[in-house]
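Q: Any chance you could fold what I've pasted below:
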Amino acid sequence: MHCRSVIALLAVVLCAGPALAQDGPPGAMPVIAPSDAQPTVKPAAKPAAPKTAVAKVVSPKTGVSKAALPNTASPKAATPKAAAAPAPGPAAAKPEPAKAKVHKTKIANTDATKPGTGKSDADKAAVAGDVLAGIPRDEQFAIQSALLWAGDYTGSGTNGDDAMLTAVKNFQARKKYKVTGTLSEAERAELVAAAKAHDDRVGWRVVIDPATGIRIGLPTKMVPHAKPDGSGTRWSSTHGDVQVATFRIKDANFAKLFEDEKKKLSRSVEYSVLRGDTFFVSGLQGLKKFSVRAQMRDGEIRGFTMLFDQMMETIVSPVMVAMASAFAPFPARSAPIAALARQVEYGTGLIVSADGSIVTDRRNTQGCQVIVAAGIGNAEQVAEDKDNGIALLRVYGARGLKAVALAQAPKESALTLAGIPDPQEQDGGTKIAEIKARLVGDNAIELRDPVPVAGFSGAAALDDQGRVLGIMETRNMVLASAGPAVPPVRLVSADTIRNFLAHNKVAVTQTASGSDARASIVRVICVRK
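A: Reported below is the predicted structural model:
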């Protein structure tokens, strides 16, 4: 895929609004809608005057210069004031709602910014819906994925068509099929199969980064190695020629971070845009290509950086577009939790007997050379239940521990997950934290807020009276372009735990009113080779 068209498509995906990426199923890419934030053309070879006037304004709050881009979908953007040359004072601040700042515009204009196409953005969005109308939602996502991977989706339409309709016609023309803009059953099946094949080739997985709470698509065969990195996680290839790093920053100045990213590590910025609570920066960092995407909500900034060797551009570029499409910094839906296999990993356990028996999520004990129950001592795994994802630990010589009382099956959907977050999340602390959630169906747990879950595997699931209904289990299942077969975050019920303990001859405490379950929560530390 040509570099310029890749940047154009990234701009469409990134500026179309985060909601597009938030609401799709965990393993798929969201519907791509036309963006009204497209920058105008400035050809690299010929220094010609821009086709569209860009008015620079200064925000009275941040003091940061911003470019007010015309918006074909907005009546305000078409007014003489928005197109006029800027002047100091309040009059120049009227274009402020566009809230966009463009560093360099090297991308092609899309139909959303071209005059005379004969269709409004609303009309095009309606057409986009008609292109895949009547097709099951999961299949729609697979079709879009295949069109993206193959380069049929370019981010722009032709002859007044919307971008997705053009993509379908491009596919039909490329395959020498009859160009109708409507997919036949056979063509749909071919696209779905193509999406799966490509996903399998690059190891495409959509997961939640436990360190930041970000939902991100990863080419896991390109970046198989994962490790903690500052406030997030870094995935990389064996020799570091492809790297993906997530980050999460609290109480930061968004506009300042945007400027800092452009100046970092001798970067040469080729393209940058700041629009409201989202920014995107790309260019060269030494001999590598880089791109940074970030979004802010409630004073917290989440994003990711991608870095790769220039010689790998033709391979990585389509993946960049897919990653931008799947990226959801504050996801509304769950996805499998990314498995990091860190040398030292933290989880949560529940003390179930006064003499040192602890139950926890089985993933907290896999591949451990040493297991430690913080504040109690070294622990040994004595049993596990692979089907239900739980493990039994024993700390020998422990006495007088506070054993948890297991309650009956939950009668209400509201849950509170009580666990001990990763030390990185609380500056090395050991305090118990709580996450609001709800039970969906028999055992699926849906988090109320998109928060980091590092350290919460094995957390106690409490009802509104503080009784233990079970523990939280996180699954690392990774399925390409499809919803997971089991919930990525689920409840292992108190009954299941009770039966597991009885089978292993561990006497459990009966439900006791007024008991404090939090006193039985302990941090479980796994040390690997």
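Q: ok but E313 is inside a strand, no?
A: No: using DSSP: H, G, I helix; E, B strand; the rest coil, the assignment for E313 is helix, not a strand.
Q: Okay, domains of the protein per the record?
A: What the record gives for the chain is the domain set 3-326, 344-527, from automatic domain parsing.
Q: Dump those into a markdown table; add distance to I337 as well.
A: Where you see a C-beta, it was placed from the backbone N, CA and C, and this is true even at glycine. Shown next, in a markdown table, are the domains of the chain (distance: least, C-beta to C-beta, whole Å):
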| stretch | distance to I337 |
| --- | --- |
| domain 3-326 | 5 |
| domain 344-527 | 4 |
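Q: just so I know, which of those lies nearest A332?
A: With C-beta to C-beta, the closest approach to A332 among the domains of the chain belongs to domain 3-326: 4.6 Å.
Q: hang on, isn't Q408 packed against A494?
A: Yes: if you go by C-beta atoms under 8 Å, Q408 and A494 touch, sitting 6.8 Å apart.
Q: Mind checking which of the two has more residues around it?
A: A494 (23 against 13; other C-beta atoms under 10 Å).
Q: ok, the more buried one touching A460?
A: No: the pair A494 / A460 is not scored as a contact, 10.1 Å apart, by C-beta under 8 Å.
Q: Quick check: neighbours shared by the two?
A: By the contact definition C-beta atoms under 8 Å, 6 or more residues apart in numbering, A494 and A460 are jointly contacted by V468.
Q: pLDDT averaged over stretch 360-368, what's the number?
A: Mean per-residue pLDDT for stretch 360-368: 91.
Q: and the end-to-end length of that stretch?
A: Length of stretch 360-368, first residue to last, C-alpha to C-alpha, to the nearest Å: 14 Å.
Q: Buried residues, it. List them.
A: Within stretch 360-368, the residues that count as buried by 16 or more other C-beta atoms under 10 Å are T360, D361, R362, R363, N364, T365, Q366, C368.
Q: Wait, a helix at the fifth one?
A: Yes: secondary structure of N364 (three-state DSSP): part of a helix.
Q: Name all residues that make contact with it.
A: E345, G347, T348, G349, A391, S457, G458, V524, C526.
Q: so which of those residues is the most crowded?
A: G349 (33 neighbours).
Q: re the thing from before, which one, of the domains of the chain, ends up nearest to A338?
A: That would be domain 3-326 among the domains of the chain, by C-beta to C-beta, at 4.0 Å.
Q: Quick check: mean pLDDT of the closest one?
A: 70.
Q: Which stretches in the chain count as helices?
A: 3-15, 19-22, 80-83, 121-131, 137-150, 163-174, 185-202, 254-263, 313-326, 494-503 (DSSP state H).
Q: Serialize those helices to JSON lines and add fields for distance to A245.
A: Listed next are the helices of the chain as JSON lines, based on distance: least, C-beta to C-beta, whole Å:
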{"stretch": "helix 3-15", "distance to A245": "17"}
{"stretch": "helix 19-22", "distance to A245": "19"}
{"stretch": "helix 80-83", "distance to A245": "37"}
{"stretch": "helix 121-131", "distance to A245": "33"}
{"stretch": "helix 137-150", "distance to A245": "23"}
{"stretch": "helix 163-174", "distance to A245": "30"}
{"stretch": "helix 185-202", "distance to A245": "18"}
{"stretch": "helix 254-263", "distance to A245": "12"}
{"stretch": "helix 313-326", "distance to A245": "12"}
{"stretch": "helix 494-503", "distance to A245": "37"}
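Q: Quick one: closest of those helices to Y396.
A: Nearest to Y396, of these and by C-beta to C-beta, is helix 494-503 at 17.4 Å.
Q: Now that closest one: buried residues?
A: A494, T496, I497, R498, F500, L501.
Q: Dump the residues you listed to CSV, plus pLDDT and distance to A374.
A: Shown next, in CSV, are these (pLDDT from 0 to 100; distance: C-beta to C-beta, whole Å):
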residue, pLDDT, distance to A374
A494, 90, 24
T496, 92, 25
I497, 93, 21
R498, 91, 25
F500, 94, 23
L501, 93, 22
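Q: Sort out which one of the residues you listed lies nearest L417 for me.
A: Distances from L417 to the buried residues of helix 494-503, taken by C-beta to C-beta, are shortest for A494, at 14.3 Å.
Q: Leaving out sequence neighbours, find the closest residue to that closest one.
A: Nearest non-adjacent residue to A494, counting by C-beta to C-beta, 6 or more residues apart in numbering: L406, 4.0 Å away.
Q: That neighbour: neighbour count?
A: Other residues close to L406 by other C-beta under 10 Å number 25.
Q: For it, list each beta-bridge partner.
A: V468 (DSSP bridges).
Q: Nearest to V269, out of the helices of the chain?
A: Nearest of these (C-beta to C-beta): helix 254-263, 4.9 Å.
Q: which strands and helices sit next to the closest one?
A: With contacts taken as 3 or more C-beta pairs under 8 Å, 6 or more residues apart in numbering; DSSP states H and E, helix 254-263 sits against strand 267-275, strand 278-285, strand 288-297.
Q: which helices and strands sit right next to the shortest one?
A: Under the contact definition 3+ C-beta pairs under 8 Å, 6+ apart, strand 278-285 sits against helix 3-15, helix 254-263, strand 267-275, strand 288-297.
Q: now for the third one, which elements pack on it?
A: Contact here means 3+ C-beta pairs under 8 Å, 6+ apart; on that basis strand 267-275 packs against helix 3-15, strand 100-102, helix 254-263, strand 278-285.
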